[in-house]
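J.: quick one, what's the 3D model for this:
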Amino acid sequence: MGRTLTPIEQAPVGEAVPASLPGALAGTGLAVPVLRAPAASVATPPASGNPVEPPAVPSPSSRTLPAAGAPRKPRYEEFSLSDLAAIRNVLRSGSVIDWHHLYFSEREEVDRLLRVNELDPQSETDMARLEDLREQAVEYCERHLGFHIPPEVEDGIPARDLFLVASQKGKRRAYACVVLKVMHVLHHLAGRELLTKLPVSGDQIFHLVEDKVMRTVEELRAAGCGIAEFQWSRKHSDSLITKLLAKRETIAADVYDQLRFRMITTSQDQILFVLRELTQRLVPFNYVIPGQSMNNVLDFRGALESSPALTRFLPELQELAAVAADKKAPVQNEFSGPGYRVINFVADLPVRIDKFLCRTPEDPLFAEHGTVVFVLTEFQIVDARTAEANELGENSHERYKERQALRVKARLMHGLKDEP
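T.: Here you go, the predicted structure:
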């Protein structure tokens, strides 16, 4: 389901975007940004996934984004090893629990990851939250698993510095990784638990995600990313019913794409640039859903080998490829056309909820679970030429829906012809 771009999306690069627009949520009295999102019946975000589906054809009122000057040519010397490891995980959808170490070389990279995970390195409250997660993780490791965590990893350095220790050689690296992996799970579980305790609906949470992504797209364009078109959509109830009827293995908890964002780049060489900016500003590579990514557009290794600035990182990335549990072939959607190509991934996107509720992080509501919730969000990225080819012949959305409807009818009618 396509949508018309809002005035915020149409703001020229360099023009200030309002922090919020007038409006209130019925029954809450809380002021929130007004977003012209699709009207749809939305449940609380579900917990599992499905193969990639082609995007719905945009409505006639949909428009491309306004010109923002010539896209900046990617400067590959600006890419770091941590950037490429993050992009690789987005494309391959492995689990960071299987990583043997991290790839940070300086604190600035660590702080960037913390901000993407909605933890402010300059906030005493957020860093106290990080320390609390470490304390819980160490206690779990020692009590439940019998580990003896070295004192320096346990509490001898700031929890924020564990990311650097986990990126350096030595025995401490292994223990730093162990603690960070458990912290990763604890933070995720806390966010999911907090979502069940809040006085807000799934629809309101979806609005927050839409606002967050929309503003990030403006930041990307201001940074010189060549994004020609940006759309988002929510699934109508008819589409959800059809998806559940069409696939034997799909149940209601296994629909990832209730909230989907689609970006079309001006050219294929912009894709790597866009992925880098997304992982630095919006999508935490550590919360990409394992096994749900599909990429038949970007030759990642070929891109690395095409630039000396990137080729130098190949040995470390090959080492990561050897240990990462992401060798399984991506699941192809059986209803897609034979030539349909896309980069598709799903992330559990972190969202700060304290400001939305007009409460401080010290509020008792956040004492146990923190201030961050998670929302399953699907992203599609494709270049303009490929997007055009995706709408031709058997690859088109109309053909996709026709094949899907035939399967639904066949499943519903199965056995009826044998009835007297």
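
J.: so where do the helices sit in the stretch 151-300 of the chain?
T.: Under the criterion DSSP state H, counting those that start in this stretch, the stretch 151-300 of the chain contains helices at 151, 162-165, 171-195, 202-222, 237-246, 271-281, 300-305.

J.: closest one to His101 among those helices?
T.: Counting by CB to CB, His101 lies closest to helix 171-195 out of the helices of the stretch 151-300 of the chain; the figure is 5.4 Å. Every residue, glycine included, has its C-beta placed from N, CA and C.

J.: what stretches of the stretch 51-200 of the chain score poorly on pLDDT?
T.: Applying pLDDT under 70 to the stretch 51-200 of the chain flags residues 51-69.

J.: centroid-nearest residue for this structure?
T.: In the chain, the residue lying closest to the centroid (CA atoms, centre = their mean) is Ala347, at 3.1 Å.

J.: for stretch 116-129, the distance to its chain's centre please.
T.: Computed by CA atoms, centre = their mean, to the nearest Å, the chain-centroid distance of stretch 116-129 equals 20 Å.

J.: same thing with stretch 173-189?
T.: Worked out by CA atoms, centre = their mean, stretch 173-189 lies 20 Å from the chain centre.

J.: likewise stretch 264-282?
T.: Chain-centre distance of stretch 264-282: 13 Å, with CA atoms, centre = their mean.

J.: what pLDDT does the residue nearest to the centre of the chain get?
T.: Ala347 is assigned a pLDDT of 96 by the prediction.

J.: tell me which residues touch it, please.
T.: Shown in contact with Ala347 (CB atoms under 8 Å, 6 or more residues apart in numbering): Val90, Val283, Pro284, Tyr287, Val288, Ile289, Leu376, Thr377, Phe379.

J.: between those residues, which is closest to Thr386?
T.: Nearest member of the contacts of Ala347 to Thr386, counting by CB to CB, is Phe379, at 15.4 Å.

J.: could the helices of the stretch 151-300 of the chain go into JSON lines alongside distance to Tyr140 and mean neighbour count?
T.: Shown next, in JSON lines, are the helices of the stretch 151-300 of the chain (distance: least, CB to CB, whole Å; neighbours: other CB atoms under 10 Å):
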{"stretch": "helix 151", "distance to Tyr140": "17", "mean neighbour count": "9"}
{"stretch": "helix 162-165", "distance to Tyr140": "15", "mean neighbour count": "22"}
{"stretch": "helix 171-195", "distance to Tyr140": "6", "mean neighbour count": "19"}
{"stretch": "helix 202-222", "distance to Tyr140": "28", "mean neighbour count": "20"}
{"stretch": "helix 237-246", "distance to Tyr140": "37", "mean neighbour count": "16"}
{"stretch": "helix 271-281", "distance to Tyr140": "28", "mean neighbour count": "23"}
{"stretch": "helix 300-305", "distance to Tyr140": "35", "mean neighbour count": "15"}
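
J.: mind putting these into CSV with distance to Gln136?
T.: Formatted as CSV, these follow (distance: least, CB to CB, whole Å):
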stretch, distance to Gln136
helix 151, 17
helix 162-165, 14
helix 171-195, 5
helix 202-222, 25
helix 237-246, 37
helix 271-281, 27
helix 300-305, 36
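
J.: out of these, which is closest to Thr125?
T.: When the helices of the stretch 151-300 of the chain are compared by CB to CB, helix 171-195 sits nearest Thr125, at 14.7 Å.

J.: where does the closest residue to Asp363 other than its chain neighbours land in three-state SS?
T.: Spatially, and ignoring its direct neighbours in sequence, Asp363 is nearest to Asp354 (6.9 Å; CB to CB, 6 or more residues apart in numbering). Three-state call for Asp354 (DSSP: H, G, I helix; E, B strand; the rest coil): coil.

J.: quick one: contacts for Asp354?
T.: Residues in contact with Asp354 (CB under 8 Å, 6+ apart) are Thr360, Pro361, Asp363, Phe366, Thr371.

J.: and it, its phi and psi?
T.: Per-residue torsions, Asp354: phi -70, psi -40 (degrees, to the nearest 10).

J.: pLDDT at it, what is it?
T.: As summarised for this prediction, Asp354 has a pLDDT of 94.

J.: what's the closest of the helices of the stretch 151-300 of the chain to Ser80?
T.: So among those, helix 271-281 is nearest, using CB to CB, at 9.2 Å.

J.: ok, now how distant is Leu91 from Tyr340?
T.: Shown here: Leu91 relative to Tyr340, a distance of 17 Å by CB to CB, to the nearest Å.

J.: now do Leu220
T.: The span separating Leu220 from Tyr340 equals 25 Å under the rule CB to CB.

J.: have a look at Leu91 and Tyr340 and say which one is more surrounded.
T.: Using other CB atoms under 10 Å, the more surrounded residue of Leu91 and Tyr340 is Tyr340, with 24 against 21.

J.: you'd agree the more buried one is in a helix?
T.: No. Counting by three-state DSSP, Tyr340 is located in no helix; its state is coil.

J.: which ones are touching Ala166?
T.: Ala166 touches His101, Leu102, Phe104, Arg173, Ala176, Cys177, Leu180, counting by CB under 8 Å, 6+ apart.

J.: and those residues as TSV, adding distance to Leu189?
T.: TSV is the format used below for these (distance: CB to CB, whole Å):
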residue	distance to Leu189
His101	24
Leu102	21
Phe104	24
Arg173	25
Ala176	21
Cys177	19
Leu180	15
